[in-house]
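**Student:** turn this into a structure:
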Amino acid sequence: MKKVLFASLALAAIIFSQGCGKSCRDAACPNAIPPFFAFRITNSAKKDLLTGAFKVYDSAQLRINAKRVNSSTIESVPRFFNYSGDTLALTGFNVDEKYAVYYVQLNGTTTDSLYFRYNKNVNECCDLSNYSFIKHNSLTVSPVNLPASYVIVK
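**Tutor:** Below is the predicted model:
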């Protein structure tokens with residue numbers, strides 16, 4: 001009798017444990033949001049300073065550096081350029097949570113600090129986490145979800 005009772009309880013436990021939790025097999029998770037941030041450097045008249053007639057800075061000298069969260073080490077970050085004709089240049093890079101702050105360096109001088117927040121948002125089936133741009137130098141900006149572009153005025 002005890003063996004039958006034990007077997008029944010074991011079978012019931014297996015059946016109930018299979019029904020607990022959410023099945024993610026049919027969950028429709030959105031594609032991961034790319035952590036790409038782009039910026040454009042202009043003057044106050046919105047003329048591009050990396051290309052065209054108002055060029056002031058050499059794009060070959062533009063660097064993106066980032067400070068690691070765990071060691072405060074400064075590392076160079078790969079940057080990408082996108083030119084539209086001879087009047088518009090966007091520079092971009094991928095954001096990563098291992099860095100605390102990103103620095104824009106023009107002609108050997110660090111000119112801007114860019115801060116991002118990692119917005120962790122994981123549910124039972126999907127990782128909806130993303131990044132937002134939150135601060136430029138000492139100025140707090142309304143959070144801008146990535147991917148995004150921003151105009152830096154010089």
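**Student:** shaky segments in the protein?
**Tutor:** For the chain, the stretches with pLDDT under 70 are 1-22.
**Student:** any idea which residue sits dead centre in it?
**Tutor:** The residue lying closest to the centre of the chain (C-alpha atoms, centre = their mean) is P35, at 3.0 Å.
**Student:** what's the spacing between it and L90?
**Tutor:** Note on P35: its distance to L90, by C-beta to C-beta, to the nearest Å, is 16 Å. Just so you know, the C-beta spots here come from the backbone N, C-alpha and C atoms, and that holds for glycine as well.
**Student:** quick one on the thing from earlier: hang on, the residue nearest to the centre of the chain packs against K98?
**Tutor:** No - counting by C-beta atoms under 8 Å, P35 stays clear of K98, with 11.6 Å between them.
**Student:** and stretch 42-56, C-alpha only, in CSV?
**Tutor:** Once non-C-alpha atoms are left out, stretch 42-56 reads as follows in CSV (Å, rounded to 0.1, in the frame of the first residue of the first chain):
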residue,chain,number,x,y,z
THR,A,42,28.8,70.8,-35.9
ASN,A,43,29.2,74.5,-35.2
SER,A,44,26.3,76.6,-33.8
ALA,A,45,25.1,77.1,-37.4
LYS,A,46,24.8,73.3,-37.8
LYS,A,47,27.6,73.1,-40.3
ASP,A,48,29.6,69.9,-40.1
LEU,A,49,33.1,70.3,-38.6
LEU,A,50,34.5,66.9,-39.8
THR,A,51,33.9,67.4,-43.5
GLY,A,52,33.1,70.0,-46.2
ALA,A,53,33.7,73.7,-46.3
PHE,A,54,33.6,74.2,-42.6
LYS,A,55,35.9,71.4,-41.7
VAL,A,56,37.9,72.2,-38.5
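**Student:** give me the residues contacting it.
**Tutor:** Under the contact criterion C-beta atoms under 8 Å, 6 or more residues apart in numbering, stretch 42-56 has outside partners 40-41, 57, 59, 62, 83, 86-89, 91, 151-154.
**Student:** buried residues in that stretch?
**Tutor:** T42, D48, L49, L50, T51 (16 or more other C-beta atoms under 10 Å).
**Student:** can you give me the helices in the chain?
**Tutor:** Here the chain has its helices, by DSSP state H, at 2-19.
**Student:** buried residues in the strand ranked longest in it?
**Tutor:** The single longest strand within the chain, with elements called by DSSP state E, is strand 109-119. Neighbour-count burial for strand 109-119, counted by 16+ other C-beta under 10 Å, picks out D112, L114, Y115, F116.
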